[in-house]
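Trainee: whatever this is, show me its structure:
(one chain, ligands or ions: 1)
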Amino acid sequence: MKKEFQEKLDYLTKLMSDALKNSKHSFRIFSFGTSHNSRPNVRTVVLRDFNFKNQTFDCHSDIRSPKIKELSDNNLIEAMFYCPDNKVQARISGKAKVLHENQETMSRWNTLTESSKRCYMGPYSPSDKLESYHPNIPEDFQFKNPTKKESEIGFKNFVVIRINFDKIDYLELKYSGHKRIQFNFANKEVSSNWIAP
Ligand SMILES: Cc1cc2nc3c(=O)[nH]c(=O)nc-3n(C[C@H](O)[C@H](O)[C@H](O)COP(=O)(O)O)c2cc1C
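Mentor: Have a look, this model is predicted:
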């Protein structure tokens, strides 16, 4: 691979790794696009893991949310990251799989704070129509955290969405000329080429 292409890929990996350490980093959240019955659906999610070697990255979700059903019908996704400090956009596409109630989701669940676990304890499925306002966390825990034991009921709703990516569209904006590179990952081989910005 051309030296400059490799440098950009290394830079992107560094942005991901920085985002995992720093919750204020712009790459910490990304837009996650699915499609359902030929209609696009995009929402914000939090980056929870990135593994360049395995070509995967993760976010967490609630199994009851509509995006999980959408992914079971069509697992092709696109994720969009943008860092305004350096004007870098990465559009990453691939296939998503949903991990639920296994060893891996259990060890990930154990890394969540009790406060975050409250999001998986709500009585309603995310996106359910409500007759009146409800925060969708149990009343007892609206203003205090559950204990580890009390939060266990949320585990059945917790999923890790793992994206296996096969394409990255990297764009960097600059006055002297924008730079755009497409990376394709097929059978662990990476091919790359310039594309028009
Ligand atoms: C800053 C921010 C971070 C979010 N992080 C997540 C997340 O990590 N996982 C998630 O399922 N929803 C997250 N959400 C909520 C989603 O954007 C979305 O509203 C919800 O998941 C329902 O999506 P769906 O109806 O398409 O399934 C986040 C929202 C915001 C504003």
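
Trainee: the top strand by length along the chain near the ligand anywhere?
Mentor: Scanning the chain for the longest strand, with DSSP state E as the assignment, gives strand 158-172. No. Contact between strand 158-172 and the ligand is absent, the nearest approach being 7.9 Å (criterion: Cβ under 6 Å from any ligand atom). For the C-beta atoms, the positions are set from N, CA and C on the backbone; glycine is no exception.

Trainee: which positions in this structure make contact with the ligand?
Mentor: 29, 41, 43-46, 59-62, 65-67, 126-127.

Trainee: now do the longest strand of the chain: distance to the chain's middle.
Mentor: 7 Å (Cα atoms, centre = their mean, to the nearest Å).

Trainee: next: stretch 170-187.
Mentor: 21 Å.

Trainee: now it: buried residues?
Mentor: Across stretch 170-187, burial judged by 16 or more other Cβ atoms under 10 Å covers Tyr170, Leu171, Glu172, Lys179, Ile181, Gln182, Phe183, Phe185.

Trainee: start to end distance for that stretch?
Mentor: Start-to-end span of stretch 170-187 (Cα to Cα, to the nearest Å) is 20 Å.

Trainee: who touches it?
Mentor: 5, 8-9, 12, 55, 86-91, 165-169, 190-197 (Cβ atoms under 8 Å, 6 or more residues apart in numbering).

Trainee: can you list contacts of stretch 188-197?
Mentor: 1-2, 5, 9, 169, 171, 173, 177-184.

Trainee: I'd like the mean pLDDT over that stretch, please.
Mentor: Over the span of stretch 188-197, the pLDDT mean works out to 92.

Trainee: now the end-to-end length of it.
Mentor: Stretch 188-197 has an end-to-end distance of 26 Å (Cα to Cα).

Trainee: what's opposite the residue nearest in space to the middle of the chain in the beta bridge?
Mentor: The centroid of the chain falls nearest to Cys59 when counting by Cα atoms, centre = their mean (3.8 Å). Beta-bridge partners recorded for Cys59 (DSSP bridges): Ile161.

Trainee: which secondary structure state is assigned to the residue in the chain sticking out farthest from the centre?
Mentor: In the chain, the residue that sits farthest from the middle, by Cα atoms, centre = their mean, is Ser176; the gap is 32.0 Å. Classification of Ser176 using DSSP: H, G, I helix; E, B strand; the rest coil returns coil.

Trainee: now Arg118
Mentor: Per three-state DSSP, Arg118 ends up helix.

Trainee: the closest residue to it other than its chain neighbours: neighbouring residues, count only.
Mentor: Using Cβ to Cβ, 6 or more residues apart in numbering and skipping residues adjacent in sequence, the residue nearest Arg118 is Ile137, 4.5 Å away. By the criterion of other Cβ atoms under 10 Å, Ile137 has 19 neighbours.
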